[in-house]
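Asks: This is a predicted model, with the sequence first.
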Amino acid sequence: MNPSASSSPSSITITRPDDWHLHLRDGATIASVLPHTARQFARAIVMPNLRPPVTTTAQAIAYRERILAALPAGMRFEALMVLYLTDNTPPDEIRRGIDSGVVHAVKLYPAGATTNSDAGVTDLTKCYATLDAMQKVGMPLLVHGEVTDPGIDIFDREAVFIERVMQPLRRDMPELRVVFEHITTKDAAQYVAEADQHVGATITAHHLLYNRNEIFKGGIRPHYYCLPVLKREVHRQALVAAATSGSAKFFLGTDSAPHAKGMKEHACGCAGCYTALHAMELYAEAFDQAGALDKLEQFASFSGPDFYKLPRNTGTITLAREAWTVPEELPLGDASVVPLNGGETLQWKFA
């Protein structure tokens, strides 16, 4: 953090951050959204839930090439690739991923949990040989932490996931490195804080800033609908406390998820908030509201690379306390995307 920063500074300068949970999609969408991320972040863990999903190292390498081909001239950005875990992912694929130098993690989507998760895992015990291979080489497992049992209330699915999936998994694979992604509850924050050094968690800006009331202010507001869904205020407060604690277990992951406006403002709208445009401004708002701007650099720039055992970045970014209006819409291929807070005013601006 800028040593001259006071408790309410006019600007802050931090080491260049990384995004440890990002959706870029594919095709023309990449070119529309990638510059927003690359402007702020040096690296990003890129989610593999395409159609078809990225299940092999060869597919991950090809996807990375498509991403880098869409990077505007003069921008520097590193795409960190992830394999999509299925019931049939062979252990040998983990070695191929490690040897490639391109694959940095494997993602667990419980089948049916979120966007493009229909090819996900139906029974985690089917994957134990592959998980053991990951445990041996130190490759992290990234988990979408919700059960899909229709008998479980949507607001309880993360807490039940801890009991039904995380606890047995950690018991059976104690050396497996696990990132509990986009945590949304007090239960998950407490679980991660009390876990050993092999467990970390990402937290989104929207889960730090908003509770579930935001979805229903003045009617249904689909651009605040994401999975895992926003929770009660007590959970939001627990996430803020975790993110601003200075603990190396918690780090930045936007879960920025571009969906065309028509697919969000729809009778069966897609889940996901688009925050890549203004991610660091949103995080700065959240940390400023908590009086913890001095903790932002640890959360955004240090904890993630340390967990992934990658070098910290050497450049810096500056955020200024300056009011600006978020665009109401942005281009998304042949369509448009509505960013979170579209048309509203933020108090921090990427300099």
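Replies: In hand now; what should we look at?

Asks: gap between the residue nearest to L293 when sequence neighbours are not counted and M81?
Replies: Leaving aside its sequence neighbours, L293 sits nearest to F287 (CB to CB, 6 or more residues apart in numbering; 5.2 Å). Where C-beta positions appear, they are placed from N, C-alpha and C, glycine not excepted. For F287, the distance to M81 equals 29 Å [CB to CB, to the nearest Å].

Asks: do the same with E194
Replies: 31 Å.

Asks: Tell me which of those two has more neighbours.
Replies: M81 (24 against 9; other CB atoms under 10 Å).

Asks: Wait, a strand at that one?
Replies: Yes. Judged by DSSP: H, G, I helix; E, B strand; the rest coil, M81 forms part of a strand.

Asks: Could I get the contacting residues of it?
Replies: V46, P48, V54, A60, I61, Y63, R64, V102, V103, H104 (CB atoms under 8 Å, 6 or more residues apart in numbering).

Asks: List the buried residues of the one helix or strand A241 maps to.
Replies: Under the criterion of DSSP states H and E, A241 resides in helix 233-243. Neighbour counts using 16 or more other CB atoms under 10 Å place H235, R236, A238, L239, V240, A241, A242, A243 of helix 233-243 among the buried residues.

Asks: Kindly provide the distance from the third one to T345.
Replies: What that stands for is A238. 27 Å.

Asks: Next: the second one.
Replies: Between R236 and T345 the distance, using CB to CB, works out to 21 Å.

Asks: Repeat that for L293.
Replies: 19 Å.

Asks: P168 now?
Replies: P168 is 46 Å from T345, by CB to CB.

Asks: repeat for T125
Replies: 50 Å.

Asks: quick one, which of the two is more surrounded?
Replies: T125 (12 against 9).

Asks: Check the secondary structure at that one for me.
Replies: Taking three-state DSSP, the label given to T125 is helix.

Asks: so what's it scoring on pLDDT?
Replies: At T125, the model reports a pLDDT of 92.

Asks: Could you do L310 as well?
Replies: 98.

Asks: got the phi/psi numbers for it?
Replies: phi -120, psi 160 (degrees, to the nearest 10).

Asks: Also N313?
Replies: phi -70, psi 160.

Asks: pretty sure it contacts A42?
Replies: Yes. At 4.6 Å, N313 and A42 qualify as touching, with contact defined as CB atoms under 8 Å.

Asks: Find the residues that touch each one of the two.
Replies: In contact with both N313 and A42: R16, P17, D18, using CB under 8 Å, 6+ apart.

Asks: and I94, what is it in contact with?
Replies: V106, T130, A133, M134, V137, M139.
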